[in-house]
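Chemist: starting from these lines, generate the structure:
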Amino acid sequence: MGRTILLLAGLLGAAGAAHADSRFFCSTDDNSARFTIESGFQDEAGHRLNHFRGALIVKNNSVPEAFRKRVFDSSKLTNRWSHDGELRLEIFDDGSEDAKDQSLSLVILAEGRGKNFSGTYGLTVSGDGKPFTASGKVSCGSK
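Modeler: Here you go, the predicted structure:
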C-alpha cells in the first residue's frame, strides 16, 4: 500500500511538471527597433492563445510616421506557435488609414528551455517606396 501511494505521488508530481509555462515575453532594444511582446497560452490541450499585447518603436526615420510607434493586441497576431520549448509569433499591422497602403510585419522565432531563452526577429515595413527591413537578436522568457 505504501508503495502504491508513493508511486501515485510521483506520477502526480511528474504530471504537474509536464505542463508548460503559459506566459511568454520577448524584447529587444537595438539600433533598428525596440519592442516588448507578451503572450499567453492555455495549459490545456490545444494551447489556445489567451493573452497577447505588445509595443514597438522603429528607430529609423525612413519609416513612415504611422509605423514608428505601434501598440499591438491579439487582432494583430496572425500566426502563433508554442510547443516543446519553441515559440513563434507573427504580427501583421496594416496601419489603418494612416498608413497609406503600407504594412508592418514582425516575426519572432525563439527556442530554449527554462525561464530565459533567446532567438531572432525580422521586421519589414513595406508598401509605397523602398521597404524597410531589420533583423536582430531577441531575449525571451517565461513565467
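Chemist: what are the boundaries of the strands in this protein?
Modeler: Using DSSP state E, the strands of the chain run over 23-29, 33-41, 49-58, 69-73, 77-83, 86-93, 103-111, 116-126, 132-142.
Chemist: hang on, residue 113 packs against residue 84?
Modeler: No - contact criterion CB atoms under 8 Å: residue 113 and residue 84 do not qualify, at 9.4 Å. Quick note: C-beta positions are derived from backbone N, CA and C, even for glycine.
Chemist: lowest-confidence stretch among the strands of the chain?
Modeler: Among the strands of the chain, strand 77-83 carries the lowest mean pLDDT, at a mean of 85.
Chemist: centroid residue for the chain?
Modeler: In the chain, the residue lying closest to the centroid (CA atoms, centre = their mean) is residue 89, at 4.6 Å.
Chemist: verify the stated contact: that residue with residue 78.
Modeler: No - counting by CB under 8 Å, residue 89 does not reach residue 78; the two are 9.2 Å apart.
Chemist: which ones are touching residue 37?
Modeler: Residue 37 makes contact with 25-27, 52-54, 72, 89, 91, 108, according to CB atoms under 8 Å, 6 or more residues apart in numbering.
Chemist: how about these in CSV, adding distance to residue 140?
Modeler: Formatted as CSV, those follow (distance: CB to CB, whole Å):
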residue, distance to residue 140
25, 7
26, 4
27, 8
52, 14
53, 15
54, 13
72, 16
89, 10
91, 15
108, 8
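Chemist: most neighbours of all those residues, which one?
Modeler: Neighbour counts for the contacts of residue 37 peak at residue 89, which has 27 neighbours (criterion: other CB atoms under 10 Å).
Chemist: setting aside sequence neighbours, what's the nearest residue to that one?
Modeler: Leaving aside its chain neighbours, residue 89 sits nearest to residue 108 (4.5 Å; criterion: CB to CB, 6 or more residues apart in numbering).
Chemist: quick one: contacts for residue 91?
Modeler: Residue 91 makes contacts with 37, 54, 72, 76-78, 104-107, as judged by CB under 8 Å, 6+ apart.
Chemist: let me have those residues in JSON lines, extended by distance to residue 43.
Modeler: Shown next, in JSON lines, are the contacts of residue 91 (distance: CB to CB, whole Å):
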{"residue": "37", "distance to residue 43": "20"}
{"residue": "54", "distance to residue 43": "22"}
{"residue": "72", "distance to residue 43": "23"}
{"residue": "76", "distance to residue 43": "24"}
{"residue": "77", "distance to residue 43": "19"}
{"residue": "78", "distance to residue 43": "23"}
{"residue": "104", "distance to residue 43": "31"}
{"residue": "105", "distance to residue 43": "29"}
{"residue": "106", "distance to residue 43": "26"}
{"residue": "107", "distance to residue 43": "25"}
